[in-house]
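Engineer: let's see this in three dimensions:
(one chain, ligands or ions: 2)
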Amino acid sequence: MDCLLFEEKRERERDINFVGGRMVLVACFTGTAFRHLPWLVPHNRKDIFDSKKKRTVSICSARLQDNFTERLGFIGCGHMAGAIIRGFIAAGIPGDLIHATTRTQLSADNAKQLGVGHISSDNRHLVESCDMIFLAVKPQSLDPVLRQLRESVNSEVLYQKLFVSIAAGKTCEQIASQLGESNRVRVLRVMPNLPVAVGHVAGAYCADRHVDPKDIDRVVKLFSLVGQLEQVDENCMEAVTALCGSGPAFVYMFLEALADGAVRQGLNRKVANRLALEMVYGASKLAKKDDLHFAQLRNQVESPAGTTVYGTAALESGHFRTAIIHAIQEAVQRAKQL
Ligand SMILES: NC(=O)C1=CN([C@@H]2O[C@H](COP(=O)(O)OP(=O)(O)OC[C@H]3O[C@@H](n4cnc5c(N)ncnc54)[C@H](OP(=O)(O)O)[C@@H]3O)[C@@H](O)[C@H]2O)C=CC1
Ligand SMILES: O=C(O)[C@@H]1CCC=N1
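Structural biologist: Numbering: from 1, shown residues only. Ligands and ions are numbered 1, 2, ... in the order given. Okay, here's the model as predicted:
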């Protein structure tokens, strides 16, 4: 799939959107973007001078390298695997390189709709057929899956594969030791989030010390097609799970409440929903662009004795921030229990 690529000055400003089925990418330092997107091949590059921002911006098309041959296997194809697959396929990964297993026909039908090339319920066959195996079942279903793989797949075959777990709360060590000799099993943990479906993942990864840097590189490169993952220590993965994995649910709840508030004041429901969405999107975009402390941005909105400061004071008396901090804490606690 072709994409348009814009390069901008700062790495952190990189942003990927899909427009009319094409990927439009706003990227970092001119010249370095393709190093971060090694599976994209640039062509028709044109450098233009952005007089407003006083810097050169490159615009070009890019496509996935023809030699991308990694076979990706998903054990479990529910909400999260489905979102990752949607993002990968939109970024140009051929469905034929994607394998998935499910338990029910309904999930198999959903996987087919997404464009998954190979669908079955045979986890052993999936592991044997693929290079990178995503463990994408619920954490509560993971132990029996790992046991089944240990019992059914030849251990030397298991050791050749790269396992990527997206399960909340399960450590690399727990997974590796259930699959075989833990220092021979190659496991990375990735915590993605639902917006990976539209090429905008916010999340992180960590790996066991003995995982080969080349394996880490494979996963980082793959996810660079759908956004960017931070590298964190494993003991921070629960915080990332709460912030990034669960975060979209918190944001959707906030959106719902914002729209409800406006509807209560008489605004039409559809208009309220649309405005809530655009407002949060725009506020995030500005915060990302201006890179100011969130409180500085808030202060720009709060006119003295104006409407906003009355609203923010009401949020404080409703313990808004405490409630959010508590939500993150509860989500972390739950991840540790899983
Ligand atoms: N949802 C999210 O936003 C996020 C989820 N995660 C993590 O992703 C993982 C999956 O979560 P989510 O997608 O929400 O869950 P879902 O319940 O939507 O999906 C789980 C999938 O696993 C399949 N499954 C269960 N047992 C087996 C098995 N033995 N063999 C093959 N497939 C099996 C189910 O198939 P069937 O439907 O046929 O029973 C289903 O498709 C979890 O570990 C979660 O922690 C991480 C980040 C965000
Ligand atoms: O709710 C959950 O457990 C999963 C993990 C992060 C988001 N969803």
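
Engineer: going by C-alpha atoms from here, please, whenever you check contacts or count neighbours.
Structural biologist: Noted.

Engineer: any bit of whatever helix or strand Leu146 lives in sitting next to ligand 1?
Structural biologist: Element membership for Leu146, per DSSP states H and E: helix 139-152. Yes. Residues of helix 139-152 contacting ligand 1 under Cα under 6 Å from any ligand atom: Pro139, Ser141, Val145.

Engineer: tell me what Val187 is bridged to.
Structural biologist: Using DSSP bridges, the bridge partners assigned to Val187 are Phe163.

Engineer: just give me the neighbour total for it.
Structural biologist: Number of residues near Val187 (other Cα atoms under 10 Å) recorded here: 33.

Engineer: so how far is ligand 2 from it?
Structural biologist: Computed with Cα to the nearest ligand atom, to the nearest Å, the distance linking Val187 and ligand 2 is 18 Å.

Engineer: Pro139 too?
Structural biologist: From Pro139 across to ligand 2, the span is 8 Å (Cα to the nearest ligand atom).

Engineer: please, where are all the helices along this protein?
Structural biologist: 33-36, 79-90, 105-114, 123-129, 139-152, 155-160, 172-179, 213-223, 237-240, 247-264, 269-290, 294-301, 307-317, 320-337 (DSSP state H).

Engineer: I'd like the ones you listed as TSV, with distance to Leu229 appended.
Structural biologist: Formatted as TSV, those follow (distance: least, Cα to Cα, whole Å):
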stretch	distance to Leu229
helix 33-36	12
helix 79-90	13
helix 105-114	23
helix 123-129	25
helix 139-152	21
helix 155-160	24
helix 172-179	17
helix 213-223	7
helix 237-240	11
helix 247-264	15
helix 269-290	16
helix 294-301	22
helix 307-317	32
helix 320-337	19
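
Engineer: show me the contacts for Leu179.
Structural biologist: Contact analysis of Leu179 by Cα atoms under 8 Å, 6 or more residues apart in numbering lists Leu146, Arg147, Leu149, Arg150, Leu158, Val185.

Engineer: out of those residues, the closest to ligand 1 would be?
Structural biologist: Leu146 (9.0 Å; Cα to the nearest ligand atom).

Engineer: hmm, back to that, can I get the buried part of the residues of helix 139-152 next to ligand 1 as one PyMOL selection?
Structural biologist: To isolate the buried ones among the residues of helix 139-152 next to ligand 1 in PyMOL, judged by 16 or more other Cα atoms under 10 Å, type:
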select buried, resi 139+145
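
Engineer: tell me which of the residues of helix 139-152 next to ligand 1 is nearest to Glu278?
Structural biologist: Nearest to Glu278, judged by Cα to Cα, of those is Pro139 at 34.2 Å.

Engineer: leaving aside the residues next to it on the chain, what's closest to that closest one?
Structural biologist: Nearest residue to Pro139, sequence neighbours excluded (Cα to Cα, 6 or more residues apart in numbering): Ala167, at 5.3 Å.

Engineer: that's all I had, so thanks and see you.
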